[in-house]
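1. model this:
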Amino acid sequence: PQVSEAGEEASRRIRVKCTSLDPPSPPPVNAEDAATALAGKDHQTDNQANVLTHKSYRTLLEPSELIRPEIAALKERLEELRARNAEERSRLNEELSYRAWQNSSVDARKLESERLQEFVRSAWLDQRGWREQERMKREQEELRIEKEAEEIRRREEAKERRLAEQKQEKREQYQKELEQQLQFMRREASERAELSVLAEKLSAERSRLLTAADNRQQLLAARKHRSLAKCWLRQHHLKLIQRSAQVMRDIAEDQSVVQQLQQHRSSAAASAQGNELQWLQNVLDEHKKLEQQRAKEYEFLFSEEAERLWQRREEQWQQEEQARQALLQEVLDGRQQQLQQNLTAKQEAEDKLEAEGLDVAEKVARVEEQLVRLEQGCAVGDDDTAITSVAGVATAGGDDIDCLNNNNVVGRILNAGASAVSFSNPEGENSKTEGPLNEAAEETHRKEIARLETEMARLWGPLYQQPHYGRKKMEW
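-> Sure thing, here's the model as predicted:
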C-alpha cells in the first residue's frame, strides 16, 4: 500500500509538471526568422533524437528501476510525452513560420493573387462553355423529343385511321351477312308457305281420291244388288238387252269417275297423269261403242241363239268389267303413290328448311357475337357506346317459322350504326362543318332501322317486339 501511494503521488507530480511544460504561443516572426527556423529544423530534430536516445540509455542503466518499477514506467511515459510535445511544437513553429513568410512576402501574395485570378478566369470560361454546351444539348434533346413525339403522333393517327377503316369494313360485312340471312329467312318463310299450300292441296286431293274410291265401292255394291234383283228374268233376250243397258250405265259411271279425276287433278300431276287418264277415257269410249253395236244386234236373235250369246257375252262382260276395274284401280293406285311421294318430298323439304333454319340461327348468333366484340373494341375510346347481349335463337317445329329475339338483332344493328356515327368524330372536332353530314347519316340510319323493323314485324308477326334502346344495365 505504501508503494502504490508513492506511485500515485509521483504520477500526480509528473502530470502537473507536464502541464506546466506546455509551450506558449509563439510570437509572430518575420520571413528571415522563418527561413532560419526552416534551415535549423533538421539539426534540431537530430539533437532531439540524440537526447532521447541518451535519456533512454540512462534510464535503462538506473538502478532505481529495479527497485520501483512503477516509477520507471512513469518516467518512460514522461519522456514520451516530452518528445511528442517537442515534435508538436516544432511542427507548429514550421507552420507559423510559413504563414508569416506567406503573409509578409509581396511576391508570394502576388503569385497567390495571380493564381487565384487565373483560376477564377478559367473557371468562368469553363462555366460559360459548359453552360453553352448544356444549352445546345438541351435544345437538341428538346428537338429530338419533339420529332419523336410528332412521329409517334403520326403513327398513332395512321393506326387509328387504319383500325377505324377495318372496324367499319367489318361492321359493313356483318351488316351484309345479316341482310343475307334475313333474305334467306324470308325465302325460307315463302318456301314454307308454298309447302303448306301444297300440303293442303295434296290433302284435299287425297280426300277426293278416297271419296271417289268409296263411291266406286258403293256403285259396285249397287250393281251387284241390281244384278241379283233381276235374276228371276228368264228371257235371255231381255236379259241381254238389260245387261247391255247395265254395261252402258257402268261405262258411263266409269267415265264420270275419270272425268272427275281429270277435273280435280293438280297442276303438278297434269303432265304425269294426263296421258294415262286420256288413254283410260278412250278405252271406255271404245267399250261404249262396242256395247251399242251389240245392243243393235240383240233385236234379230232367237231364243237359242240368245241363250248361247248370253253365256258368251256374260263371260266377255265379266272380262271387260275386270279389265276396267283393273285400269281404274291402277289409276287410283298411281294417284295414291304420287300423293305419298309428294307428302314425303314435302316432309323432306320441311326437314331441310328446319336444318337450314338452325344453321342460319347459329350464323346469326356468331355474327352478333362478332358485333359485340367489335363494339366492345370501339367502346374503349367512347364511354357512350353500349352493345346489348345476344338472347339466342329459337327454332319452332312443324310449319312454324324460326323465331329470333328481335330486340337483340335490331338493337345490335342500331348500336352498330350509332357507334359508327360516334367513331367518325371521336373528339368532337370540326362539329360545325360535319354537322349536316352527321344529320344526313343519322336520317339514313333511322330509315334503314325502320325498314328492318318492318321486315322483322312482317316475318315474325305477333312474336315481334320492339327493342329497348339505351345503355345496357350493369351491376356495380
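
2. from here on, just use CA atoms for contacts and neighbour counts.
-> Will do.

3. which stretches of this protein form strands?
-> Ranges of strands in the chain, per DSSP state E, are 393-394, 403-404.

4. mind checking how far residue 283 is from residue 199?
-> 33 Å (C-alpha to C-alpha, to the nearest Å).

5. mean pLDDT lowest for which of the strands of the chain?
-> Here these differ in mean pLDDT, and the lowest is strand 393-394 at a mean of 34.

6. for stretch 255-262, buried residues please.
-> 255, 257-258, 261 (16 or more other C-alpha atoms under 10 Å).

7. show residues contacting that stretch.
-> If you take C-alpha atoms under 8 Å, 6 or more residues apart in numbering as the criterion, stretch 255-262 is touched by 212, 274, 277, 280-281, 284.

8. let's go with 7 Å and repeat that
-> Outside stretch 255-262, the residues that touch it by C-alpha atoms under 7 Å, 6 or more residues apart in numbering are 277, 281, 284.

9. same thing with stretch 337-350?
-> 195, 202.

10. tell me the mean pLDDT for it?
-> The model assigns stretch 337-350 a mean pLDDT of 82.

11. would you put the C-alpha positions of it in CSV?
-> Below are the C-alpha coordinates for stretch 337-350, written out as CSV (Å, rounded to 0.1, in the frame of the first residue of the first chain):
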residue,chain,number,x,y,z
GLN,A,337,-98.4,-43.4,-104.8
GLN,A,338,-97.9,-39.9,-106.3
LEU,A,339,-99.7,-38.3,-103.3
GLN,A,340,-97.5,-40.3,-100.9
GLN,A,341,-94.3,-39.2,-102.9
ASN,A,342,-95.5,-35.6,-102.7
LEU,A,343,-96.1,-35.9,-99.0
THR,A,344,-92.6,-37.4,-98.5
ALA,A,345,-91.0,-34.7,-100.6
LYS,A,346,-92.9,-32.1,-98.6
GLN,A,347,-91.7,-33.6,-95.3
GLU,A,348,-88.1,-33.8,-96.6
ALA,A,349,-88.3,-30.1,-97.7
GLU,A,350,-89.6,-29.1,-94.2
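
12. so, low pLDDT: which residues of the protein?
-> 1-68, 225-240, 264-274, 297-307, 375, 377-438, 445, 455-456, 458-476 (pLDDT under 70).

13. how about the helices of it, start to end?
-> For the chain, helices defined by DSSP state H occupy the ranges 2-20, 31-39, 41-61, 64-67, 69-104, 106-229, 236-264, 267-297, 303-378, 406-423, 431-460.

14. so which of the ones you listed is the most packed in?
-> helix 406-423 (a mean of 20; mean count of other C-alpha atoms under 10 Å).

15. in CSV: the contacts of stretch 255-262, plus distance to residue 174.
-> CSV is the format used below for these (distance: C-alpha to C-alpha, whole Å):
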residue, distance to residue 174
277, 55
281, 61
284, 65
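
16. looking at the residues you listed, which is nearest residue 157?
-> Distance ranking of these against residue 157, using C-alpha to C-alpha, places residue 277 first at 79.2 Å.

17. how close does that closest one sit to residue 260?
-> From residue 277 to residue 260 the distance is 11 Å (C-alpha to C-alpha).

18. check residue 330 too.
-> 16 Å.

19. same thing with residue 308?
-> Residue 308 is 38 Å from residue 260, by C-alpha to C-alpha.

20. before we move on, what about residue 77?
-> For residue 77 relative to residue 260 (C-alpha to C-alpha), the value is 157 Å.

21. do the same with residue 165
-> Distance from residue 165 to residue 260, by C-alpha to C-alpha: 68 Å.

22. likewise for residue 161?
-> On the measure of C-alpha to C-alpha, residue 161 and residue 260 end up 74 Å apart.

23. again, but for residue 73
-> In terms of C-alpha to C-alpha, residue 73 sits 159 Å off from residue 260.

24. ok, residue 365 next?
-> 52 Å.

25. one more: residue 349?
-> On the measure of C-alpha to C-alpha, residue 349 and residue 260 end up 30 Å apart.

26. if we can go back for a sec, widest-spaced pair of the buried residues of stretch 255-262?
-> 255 and 261 (9.8 Å).

27. quick revisit: now flag whichever of the contacts of stretch 255-262 is closest to residue 442.
-> residue 277 (64.4 Å).
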